[in-house]
Structure formats: structure tokens, C-alpha cells
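**Q** Sequence first, then the predicted structure, then my questions.
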Amino acid sequence: MFINVAQAADAAAPTQADPIMSFLPLVIIFVLFYFMLIRPQMKRAKEQKSMLEALQKGDEVVTAGGLAGKVVKVGEVYVGLEVSDGVTVQVQKQSIQAVLLKGTLKSL
């Protein structure tokens, strides 16, 4: 009727899980996080940097604010954009989102 104390202690003792198995969900989450978020963001930043380095006079660009124009002057930090005949504005180089195909501004 009564259970031996030794048998009860063995049955109640928690089983030790493998330490690798306890960290496996964290490792899987980190790997997914890297491939889904970090890696694409690094690739996008690299493409943006190479686009800005290749920027030259005569390119047609669009800024982050939606301003479209032709590059007339390229500096280290600022770029001169001709948005209309005789109207030139200075914008930060980092604000340029995309380089358009030649002749795109005429069709706008």
C-alpha cells in the first residue's frame, strides 16, 4: 500500500534534457532571422552604396522625397539636381533612391 521512498524519488526526479536540444530553438530562430532580415538588408545597402558611387553628371534620378531631376554636379555629400530648365537644387547624396533610364524625365 505504501510506496518505498526510493521508488518515489526516482519517479519524481526530472530527466535532464540534452543541452544542445535546449539551445536548438534559439539557434534556429537566429538562422531564420539572419536569412530573412539581416542578409537582404545588407545586400540592399551594398547595392545603394554602389549606385551612389557610380553616380555621375547627366544621370536622371529620383530622391526619397519624390523629387526627379538630372544630375548637374556631384560632390562628396551633396548632388546638384536640375529639376527644371535653369532650376538647380542641392540634395544630399544619401537621399537619392534610384537612377532612372535616360529620357525618363522627358516622358514625365
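**A** Everything's here; your move. Residues are numbered from 1 along each chain as shown.
**Q** I'd like the distance between Ala54 and Gln97.
**A** Going from Ala54 to Gln97 by C-beta to C-beta, to the nearest Å gives 15 Å. Heads up, the C-betas are built off the backbone N, CA and C, glycines and all.
**Q** Correction: the previous question concerned Gly80.
**A** According to C-beta to C-beta, Gly80 and Gln97 sit 17 Å apart.
**Q** of Ala54 and Gln97, who's got more company?
**A** Set Ala54 next to Gln97 and count neighbours by other C-beta atoms under 10 Å: Gln97 wins out with 14 against 9.
**Q** what about Lys93, how many neighbours?
**A** Neighbours of Lys93 using other C-beta under 10 Å come to 14.
**Q** Same question for Val61.
**A** The burial count for Val61: 23, using other C-beta under 10 Å.
**Q** Tell me the bridge partners for it.
**A** Note on Val61: beta-bridge partners by DSSP bridges are Gly69, Val99.
**Q** so what's it up against?
**A** Applying C-beta atoms under 8 Å, 6 or more residues apart in numbering to Val61 gives the contacts Leu55, Ala68, Gly69, Lys70, Val71, Val79, Leu81, Ile96, Gln97, Ala98, Val99, Leu100.
**Q** isn't there a helix covering the fifth one?
**A** Meaning Val71. No: according to DSSP: H, G, I helix; E, B strand; the rest coil, Val71 belongs to no helix; its state is strand.
**Q** All set, thanks.
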